[in-house]
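Asks: Sequence and predicted structure below; questions after.
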Amino acid sequence: MLDVRRLHLLRELDRRGTIAAVAEALTFTASAVSQQLGVLEREAGVPLLERSGRRVVLTPAGRTLVTHADAVLERLELAVSELAGAREGIGGPLRIGTFPSGGPAIVPAALAELARRHPALEPMVQEIDSARVSDGLRAGELDVALVHDYDFVPASPDTTVDQVPLLEEPMYLATGGPTDSVLATGPAACGDTLAELLGPWAASPWITARDGTTGHAMAVRACQAAGFQPRIRHQVNDFRTVLALAAIGQGAGFIPEMATAHAPEGVFLTRLPLFRRSKVAFRAGGGTHPAIAAFVSAARTAVGTPGGTS
């Protein structure tokens, strides 16, 4: 009989790439992970891993077993959700991940709605980049999370995570402009191509999110699609800082619509034919868990998405 906990370790090795990364994520020692994977190989009766230089890679049998592990762990998540639904009331800890701009714009209103409907729930929020959410959910560090993807940076397929849509919003180009902040949303701004809107700023310094984030990748790829490689001067994840830097002429940057409310004087905002989509993510099979379903509904209410209830 294959052990579910060892199947989980094998799946994490497939996703994270190294035994050291698995050990760090799941709070094990590397030797303990290796030992458990060795036991799993003996249980399976076929080699699951092979050495490739300094790395360990999965054999074809190992990859096949990961596919089955995904299905097994999803069924367990469904079982946990159904058992939770059989209990009276919704309560206990709920670990929520959020991207930084989702903190002030979505999370407080969603938590207020949760507290009103389900006062026994204990939400615990932590900021996390969308690119790390899948790892956090699989490791059990998070139960549910706000995530987003952009045009030019679609979310990677991941069978271990389910998502439901929350909000789609346009992106804006933030640049130094008139003395008063201006929001350019008229037909000309909306109808121009990305190259026409970004091209005049090709020689400008740029302000992007930190390297390795989806926001950084979106900025670089959008500029490349407009025909130039951005000259990045500043890397900051906080949109208020991006706006403040743009306002004093430190460069051009990309801002989602929900952050435009914080535009200071001196910044000019031009709507782009580029969108960011926010979603709620949770472990595959976990969407019917009462606490997760409650958070999804509260988040939809917070942003005015159909499906939220009062």
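Replies: Noted; the coordinates are in hand.
Asks: check contacts around the residue nearest the centre of the chain.
Replies: In the chain, the residue lying closest to the centroid (C-alpha atoms, centre = their mean) is Ser130, at 2.0 Å. Neighbouring residues of Ser130 by C-beta atoms under 8 Å, 6 or more residues apart in numbering: 99, 147-149, 155, 213-214. For every residue, glycine as well, the C-beta is placed using N, CA and C.
Asks: what do you get if the cut-off is 7 Å, keeping everything else the same?
Replies: 99, 147-149, 214 (C-beta atoms under 7 Å, 6 or more residues apart in numbering).
Asks: is it possible to export these to JSON lines including secondary structure?
Replies: JSON lines is the format used below for the contacts of Ser130 (DSSP: H, G, I helix; E, B strand; the rest coil):
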{"residue": "Phe99", "secondary structure": "coil"}
{"residue": "Val147", "secondary structure": "strand"}
{"residue": "His148", "secondary structure": "strand"}
{"residue": "Asp149", "secondary structure": "strand"}
{"residue": "Thr214", "secondary structure": "helix"}
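Asks: Looking at the residues you listed, which two lie furthest apart in space?
Replies: Largest separation among the contacts of Ser130 by C-beta to C-beta: Phe99 and Asp149, giving 10.5 Å.
Asks: okay, these two: which has more neighbours?
Replies: Counted by other C-beta atoms under 10 Å, Phe99 and Asp149 do not tie: Phe99 has more neighbours, with 24 against 19.
Asks: now the more buried one: how far from Thr288?
Replies: Phe99 is 25 Å from Thr288, where distance means C-beta to C-beta, to the nearest Å.
Asks: Leaving out sequence neighbours, find the closest residue to Ile106.
Replies: Residue nearest to Ile106 in three dimensions, not counting chain neighbours: Ala302, with 5.4 Å by C-beta to C-beta, 6 or more residues apart in numbering.
Asks: doesn't Glu113 make contact with that neighbour?
Replies: Yes - with contact defined as C-beta atoms under 7 Å, Ala302 reaches Glu113; the gap is 6.3 Å.
Asks: Thr214: what's it in contact with?
Replies: With C-beta under 7 Å, 6+ apart, Thr214 has these contacts: 130-131, 149-150, 153.
Asks: for Gly249, same thing?
Replies: Here Gly249 is in contact with Gly176 (C-beta under 7 Å, 6+ apart).
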